[in-house]
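K.L.:
Make a model of this:
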Amino acid sequence: MCMGTVNGLCTLVNSSGRRIWLENIPLACARVEALRSHGYTDEARRLAVAIVLGMKHQQRLNCLSYYNRKNMVPQPAHSGFSGSYHQRYQSPSAEGWIGHPLDPIGCIFMTLLEASGLAAKDNTVPISEDECPTCTAGESSDSTSCSHHHTCTASEDLGKEEYYCLALEVALMGLGQQRMMQAGVYAQEKAVKQEGKLIAQLEQFELDDVHVEVFRDQVQMLLESGSGSGLGHGVHPNSTPMHTFAKYLFVRLLRHDANLAFRVGLRAMRLPVVESTDDHDEASVGHSSQQPTPGNPGQVISRYPRWFNFAHVEARQCDLAATMLYAARDEPQRLRTVLECAQRNIYSSRQLFKLAQDAYECAIPKAGTTRHRPLLEAALELGLQVMRLTLNRPGWHRSEMVRWLVKCATELGYEALIDLMKLWYSFFTPSEAAGTVASTIVSPATLVHLGLDFVRQEELASRACVLAVQCVRKDAPNCALGALTLCEKNVRAFDDIYMHIVDEASPSMTWIQLFAVARYLERRTNALRAHKVALLGMKNLHVAYNQDSHPAINDIHWACGLSHSIGKNELTCMIQVVIENIHCATILSDILRRCTLNAPGISAIEGKHRPSLVILTYDKPPLILLLNAVLSAYVNTMHARLAHISPRHYTDFIEFLCKAREAFLLAPDGRHSFAHLIENMKLVYKGKKKLMLLISERFAL
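P.N.:
Numbers count the residues shown, from 1 in each chain. All right, here's what the predicted structure looks like:
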């Protein structure tokens, strides 16, 4: 080739006299658009061809430069195909062609498409292979892209086929350019729209054998290029991902060259902007023993330029992975490779879960078909990774994921469910494992769906009970009730859980949780155990003097009624705890009256022995202790209210004194004690004359 100039601009001229235009691409394409708009169609067409040949020439130089540099620089021992954020990456073009305000690739693409329609009417003559414009400038004549027949007019016009091939190549080069992410939300949206529009135009045309060869050659060049290609070996962390473009290439190439299609998809799966925030090395490709380590996508928001379209990028990455998983469903080795690549490069838990759901939907049986087990296993593996990644994220909505994961494991069968319960601590919290996971696995619907024999059903139930005991030992407050429900038919596991709750877990459990367990035990007709747990719940409960509407009132009355129904000894133990922890006078007085309605232990003794039972009286233990506590609570509450009472509360206070008098009258010397209390009140609070006058009028004291 020889060097030449046109209007001061540097050009290359090949042996056939065909110019290769070397200039800034957006500026050169602006010249083409200017020529088109002013009616110089032929000149615009010839300049577009020269620009494309110049782009191909520069692409080849970049490829050779990268090849030489790669051979000179030592590579790591386990270097993979990307290494996208290490020092071996090259800075991409600062001026991206896709998303540029002038839309250079769209301009030249449409020019060549229009020329392909015009050139069909021209008279053409054959040209030699070394002058083929669809070959890379300077390539040898045995290039695979010259295996078909090309034509060209004597005036350097090309045939319809050649124009379309050039249009195809310039679109692929533009879409595959490694370019920095634009700064600004509108610029990023514009780039996405331009990329989608160009791909939509390419999808309108079918590829014949000639186009497939051109397509394959250009994709190979993109894969082997350096800094100029977004599909190259090294990409900058801030370069625009190639997921949308790679999905188009994958779908187009799959029928013609599956190996090349999967190579493109695996290369484009990476997300360097997230990898660079977590120092994640993609050199571990193919090492299944290494667990994927998620990056921190949240740091992407604080980078410059900010990735406003990061959600769109993650969604396109998931679409590419789903397409590749479905295409590799019948090839186990390739399916495993795609699965590991997706696990290593997809950092969004939400997108991983969506990918798992897509794989599951493709694997479930349709009418007249069987389950696709490899895809089901891939879906389960992706789901387990999501559970592992979100295990310590309390804000993440995991309930739907847990139910789906158990459903997926159920489709795989008995062994998958057993493995899920054996390794539950790696994927589920104790409450999830003892609740949703174990209860769903041993539910009748699951057993019927699996069609297991009796022996395997018992093995599942036994494994679920072991899981329940393990969960209670790790987190009794949140899974005690669920574990007891799960182990109803396993006496040994049930007893272990109960003893753990009573001996070790009760200090860490709230009164709400303990009362819930106690009520469950009572429904199971185990009153003594229910009483013991209710006693622990009462010890963890504290009610102040002014908490007349405490949410535990119903539980307090239920616990006292339970103790009363069992016997006098149990009631005595409960009353002692009530006196220590309950200081509300109205609650204590209600308990006192309920204890005298019938004899203690009446529900635990058969009917013929009930006449021997005696109703408790207020002047004997244990009610005498409770009565003294009631009177003391009323006195303390009166003084507390009078310390900050206002005139609008006088009526309520007098009503409270009426209830206090009723309680005082239950004591042998109650009338005298109440009168002494009123007299003492008049003396201490004599400044509240109106209140004291109202009290004297009401009680005639």
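
K.L.:
For the rest of this, base every contact and every neighbour count on C-alpha atoms.
P.N.:
Will do.

K.L.:
where do the helices sit along the stretch 501-650 of the chain?
P.N.:
Remark: helices assigned in the stretch 501-650 of the chain by DSSP state H, counting those that start in this stretch are 511-523, 527-539, 553-566, 568-581, 585-594, 623-642, 650-664.

K.L.:
which of the ones you listed sits most buried?
P.N.:
Per residue and on average, the most neighbours among those fall to helix 527-539, with a mean of 23 (mean count of other CA atoms under 10 Å).

K.L.:
model confidence over it, on average?
P.N.:
Average pLDDT, helix 527-539: 95.

K.L.:
my read: residue 19 touches residue 50, true?
P.N.:
Yes: at 5.7 Å, residue 19 counts as touching residue 50 under the criterion of CA atoms under 8 Å.

K.L.:
Please tabulate the helices of the stretch 501-650 of the chain in TSV, including the columns distance to residue 333.
P.N.:
Below are the helices of the stretch 501-650 of the chain laid out as TSV (distance: least, CA to CA, whole Å):
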stretch	distance to residue 333
helix 511-523	50
helix 527-539	56
helix 553-566	60
helix 568-581	66
helix 585-594	71
helix 623-642	76
helix 650-664	81
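
K.L.:
and of these, who's closest to residue 446?
P.N.:
helix 511-523 (25.0 Å; CA to CA).

K.L.:
and the closest one, how far out from the chain's middle?
P.N.:
In terms of CA atoms, centre = their mean, to the nearest Å, the centre of helix 511-523 is found 34 Å from the chain centre.

K.L.:
follow-up on the earlier one: relative to residue 33, which of the helices of the stretch 501-650 of the chain is closest?
P.N.:
Nearest of the helices of the stretch 501-650 of the chain (CA to CA): helix 511-523, 75.1 Å.

K.L.:
which other helices and strands contact that closest one?
P.N.:
On a contact count with 3 or more CA pairs under 8 Å, 6 or more residues apart in numbering; DSSP states H and E, helix 511-523 meets helix 476-486, helix 527-539.

K.L.:
Also compute the angle for it relative to helix 476-486, please.
P.N.:
20 degrees (axes from the mean of the first three to the mean of the last three CA atoms, to 10 degrees).

K.L.:
tell me the pLDDT at residue 455?
P.N.:
94.

K.L.:
separation between it and residue 414?
P.N.:
Spatial separation of residue 455 from residue 414 under the definition CA to CA, to the nearest Å is 12 Å.

K.L.:
So the two - more neighbours on which side?
P.N.:
Each of residue 455 and residue 414 has its neighbours counted (other CA atoms under 10 Å); residue 414 has more, 20 against 9.

K.L.:
number of nearby residues for residue 216?
P.N.:
Neighbours of residue 216 (other CA under 10 Å): 19.

K.L.:
The one 5 residues further on now?
P.N.:
By the criterion of other CA under 10 Å, residue 221 has 21 neighbours.

K.L.:
what helix or strand does it sit in?
P.N.:
Residue 221 is located in helix 209-224, with elements delineated by DSSP states H and E.

K.L.:
Using neighbour counts, pick out the buried residues of that helix.
P.N.:
Across helix 209-224, burial judged by 16 or more other CA atoms under 10 Å covers 210-224.

K.L.:
Can you tell me which helices and strands that helix packs against?
P.N.:
helix 41-72, helix 160-175.
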